[in-house]
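Asker: The following block contains a protein sequence and its predicted model.
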Amino acid sequence: MLIPREIIEEIVNRTDISDLIGSYVTLKRAGSNMHGLCPFHSEKTPSFTVFSKSNSFYCFGCGSGGDAITFVMKAENLDYPSAVEFLASRAGITIPQDKNELANMGMSRKRVYEMNLAAAKFFRENLFDKSVGFDALNYFVGTRKLSMATVKRFGLGYAPNDFFALTNHMKKLGYTEQELIDGFLCGRSKKGHLYDYFRNRVIFPIIDVTGNIIGFGGRVMDDSKPKYLNTSDTPGFKKSKNLFALNYAKNHCSEQLILCEGYMDVIALHAAGFENAVATLGTALTQEQARMMTKYTKKVVLLYDSDDAGQRATDRAIKILSEVGMDVRILKLNGAKDPDEYIKKFGADRFRALLGESRTGFDFKVSRALANLDLQIPDEKIKASAAICEIIADSASGVEREVFLTKASELLKLPIDVLRNNVEHIIRKRKNEQKKDESRQAQMSIRNIGDRINPDAVKFVGANALEETILGLLLIYEEYRAAVTKGSVSLVADDFVTAFGKKVFSTLFEVYNSSDEFLPAMLGQYFTADEMGRLEKMRQSRLSLTENGRDVLDASIAALKAEKEKKLSAEGGDKFATLRAKQEKLKNQRK
Ligand SMILES: [Zn+2]
């Protein structure tokens with residue numbers, strides 16, 4: 001079932017798109033438009049534009065584009081109905097929760113949160129029930145030495161060693177099987193019955209910054225595998241967009257955030273008074289998480305395990321955090337495998353002192369690059385300086401590079417000019433490679449190679465260009481849409497050559513003819529967010545031109561029809577097509 005047009009219209013009208021997008025991206029005004037760095041691909045110069053006039057956005061780098069709803073679909077990773085719901089609640093609009101509608105819209109976030117809260121209560125009751133949760137409570141309080149206050153503060157719990165305990169409990173509370181599966185609390189067995197997803201695990205509720213329980217992490221208490229089990233992405237939960245304990249840390253992190261690997265690390269740190277600790281949710285740090293952190297702080301201290309996997313994760317995190325302009329520090333623990341153990345062994349004060357000594361990403365990388373090299377041996381010194389110059393070249397700031405160069409020159413006992421030349425050479429080389437890459441990509445997009453949205457565009461380059469012109473005009477101008485419906489412009493779906501063009505045309509007129517007033521945002525129900533980007537490209541390429549008159553439309557349609565005939569006759573001597581081509585020719589001669 002479709003969302004009523006009135007609702008979409010109200011949401012679109014009440015949402016100021018630059019305000020919406022501005023809460024995700026820093027936008028700078030340029031004339032009537034706004035520019036910023038695209039949130040959907042990695043870039044250094046802004047190619048992302050918000051058009052206030054058309055209430056839309058488009059990225060000239062990656063082709064993302066559309067209206068406010070499309071933006072939320074992409075930015076929040078939601079489907080159309082959930083994105084509508086997201087914007088509705090942002091704008092204070094209530095969507096009629098008619099039963100039929102609900103069934104078709106999937107589970108609302110509100111319902112997921114309610115369900116999770118009920119499940120969290122169940123887990124907590126089991127933790128404190130001595131006959132069920134004795135070992136689990138002992139794990140938290142005895143083994144991990146957490147105080148009862150900390151256990152309660154983090155809402156910790158226990159999932160009993162039982163396949164049906166939670167399932168039965170939640171069903172009694174009125175949650176349906178589908179809801180329990182959608183919310184990732186239950187799985188369905190091959191035989192078709194429901195079973196508890198978390199069993200015999202201590203439970204860490206994951207709470208978002210507004211206080212909703214959005215999911216759970218479950219950890220075994222022994223060495224069995226998997227060590228951690230996490231809620232998969234659900235209607236209310238995207239792992240890549242949340243951080244464990246940020247709900248608490250957000251109030252204590254104006255100076256810096258501490259990013260660790262596991263839930264227990266975070267809890268141990270909070271318990272020791274470091275309430276600015278957070279962790280990713282069983283996944284590597286994502287760009288979304290890095291951007292989210294910039295809302296709260298300017299500095300992040302990385303505190304990952306010192307094993308190989310931890311080191312790789314550190315490198316990756318340094319890169320991602322630096323890209324969003326974060327000051328990144330790395331902390332290395334000596335004599336303990338994780339912060340929990342460190343604080344137990346050496347105390348909170350020593351940890352605090354250590355925090356003050358956290359190294360910059362530069363120092364950390366340099367010391368690692370030098371780890372197995374002896375600077376007294378000429379060959380190894382050359383290797384070391386090459387490695388360090390590569391590291392310096394990573395920095396985008398000229399001032400920062402000069403600071404690093406001074407340090408490197410002292411360390412390597414080499415003249416700073418020599419090193420500077422080296423670094424500049426590396427930067428030039430990288431730029432050239434990047435340019436080559438970009439021009440290759442541009443070439444590919446010109447030829448539409450790898451066009452996933454419109455695969456036919458490669459084969460029918462000319463026809464595709466005409467289709468984009470025609471559809472661009474039809475998407476913008478009411479008078480042209482009316483002319484097609486009335487038949488004063490002769491154009492039907494079968495005139496289109498590419499399957500995508502045909503789909504856009506049919507859908508556009510289906511929506512147009514079924515409502516009193518056409519609203520481009522309604523097309524989002526029929527197209528993916530990426531396809532909506534293509535529609536936006538069609539609109540914007542026409543809007544950037546001054547010649548959009550009826551003659552442009554007529555000429556393009558005539559040319560497209562000719563392309564279609566060409567295609568048909570090329571398709572193995574289609575007699576019917578040839579015949580039609582002849583008739584057409586005759587008709588034209590008679591005119
Ligand atoms: Zn982009």
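Answerer: Everything's here; your move.
Asker: Could you check which residue of the stretch 251-400 of the chain lies nearest the ion?
Answerer: residue 287 (12.3 Å; Cβ to the ion). For every residue, glycine as well, the C-beta is placed using N, CA and C.
Asker: helices or strands next to the helix or strand hosting residue 131 in the packing?
Answerer: Taking DSSP states H and E as the definition, one finds residue 131 inside helix 130-138. Counting by 3 or more Cβ pairs under 8 Å, 6 or more residues apart in numbering; DSSP states H and E, the packing neighbours recorded for helix 130-138 are helix 109-128, strand 157-159.
Asker: quick revisit: next up, the contacts around the residue of the stretch 251-400 of the chain closest to the ion.
Answerer: 42, 320, 323, 324 (Cβ atoms under 8 Å, 6 or more residues apart in numbering).
Asker: Residues of the protein that sit close to the ion?
Answerer: 38, 40, 41, 59, 61, 62 (Cβ under 5 Å from the ion).
Asker: Nearest residue to residue 161 in space, ignoring adjacent ones along the chain?
Answerer: With sequence-adjacent residues excluded and distances taken as Cβ to Cβ, 6 or more residues apart in numbering, residue 161 is closest to residue 200, at 3.7 Å.
Asker: Surely the one you found is in contact with residue 160?
Answerer: Yes - between residue 200 and residue 160 there is a contact under Cβ atoms under 8 Å: 7.1 Å.
Asker: more crowded one of the two?
Answerer: residue 160 (21 against 17; other Cβ atoms under 10 Å).
Asker: quick one, what contacts the more buried one?
Answerer: Contacts were defined as Cβ under 8 Å, 6+ apart; by that measure residue 160 touches 126, 132, 133, 166, 199, 200.
Asker: let's go with 7 Å and repeat that
Answerer: 126, 132 (Cβ atoms under 7 Å, 6 or more residues apart in numbering).
Asker: Any chance you could list what contacts the helix holding residue 131?
Answerer: Applying Cβ under 7 Å, 6+ apart, the set of residues contacting helix 130-138 from outside is 126, 127, 128, 158, 160, 202, 221.
Asker: at 10 Å instead, please
Answerer: Helix 130-138 is contacted from outside by 123-129, 139-140, 142-144, 146, 148, 151, 156-162, 165, 200-203, 221-222, using Cβ atoms under 10 Å, 6 or more residues apart in numbering.
Asker: likewise stretch 171-189?
Answerer: With Cβ under 10 Å, 6+ apart as the contact definition, stretch 171-189 has outside contacts at 103, 106-107, 111-116, 118-119, 121-122, 159, 163-164, 166-167, 169-170, 192-198, 215-216, 230-237.
Asker: Restricted to helices, list the residues you listed.
Answerer: 103, 111-116, 118-119, 121-122, 166-167, 169-170 (DSSP state H).
Asker: Show me just the buried residues among those residues.
Answerer: 111-116, 118-119, 122, 166-167, 169-170 (16 or more other Cβ atoms under 10 Å).
Asker: hmm, which two among these are most spread apart?
Answerer: 113 and 167 (19.2 Å; Cβ to Cβ).
Asker: Next one, pLDDT for residue 486 please.
Answerer: As predicted, residue 486 sits at a pLDDT of 90.
Asker: Likewise for residue 287?
Answerer: In this prediction residue 287 is given a pLDDT of 80.
Asker: picking that back up, out of the contacts of residue 287, who's nearest residue 399?
Answerer: Within these, the smallest distance to residue 399 is 17.8 Å, found for residue 323 (Cβ to Cβ).
Asker: Can you select the buried ones from the contacts of helix 130-138 in ChimeraX?
Answerer: Selection of buried members from the contacts of helix 130-138 for ChimeraX, criterion 16+ other Cβ under 10 Å:
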select :123,124,126,127,128,139,140,144,146,151,156,157,158,159,160,165,200,201,202,203,221
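Asker: so where do the strands sit in the stretch 201-350 of the chain?
Answerer: Counting by DSSP state E, counting those that start in this stretch, the stretch 201-350 of the chain forms strands over residues 201-207, 213-219, 228-230, 257-260, 277-279, 299-303, 327-330, given from the N-terminal end onward.
Asker: Quick check: end-to-end length of stretch 17-28?
Answerer: Start to finish, the residues bounding stretch 17-28 are 14 Å apart (Cα to Cα, to the nearest Å).
Asker: Mind listing what's buried along that stretch?
Answerer: In stretch 17-28, counting by 16+ other Cβ under 10 Å, buried: 17, 18, 20, 21, 24, 25, 27.
Asker: from those residues, which ones fall inside helices?
Answerer: Residues from those lying in helices, with DSSP H as the criterion: 17, 18, 20, 21.
Asker: and the residue of the stretch 401-550 of the chain found nearest the ion, how many neighbours?
Answerer: Taking Cβ to the ion, the ion has its nearest neighbour within the stretch 401-550 of the chain at residue 533, 9.0 Å off. When neighbours are defined as other Cβ under 10 Å, residue 533 has 22 of them.
Asker: Check the one 10 residues further on too.
Answerer: The burial count assigned to residue 543 is 17, neighbours taken as other Cβ under 10 Å.
Asker: name the element the residue lying closest to residue 413 once chain neighbours are set aside belongs to?
Answerer: On the basis of Cβ to Cβ, 6+ apart, the spatially nearest residue to residue 413 that is not a chain neighbour turns out to be residue 375, at 7.9 Å. According to DSSP H and E, residue 375 maps onto no helix or strand at all.
Asker: of the contacts of residue 287, buried ones?
Answerer: When these are checked against 16+ other Cβ under 10 Å, the ones flagged as buried are residue 320.
Asker: Among the contacts of residue 287, which are located in helices?
Answerer: Among the contacts of residue 287, the members that lie in helices (by DSSP H) are 320, 323.
Asker: Pretty sure residue 16 sits against residue 87.
Answerer: No - Residue 16 is beyond contact range of residue 87, at 11.2 Å (criterion: Cβ atoms under 10 Å).
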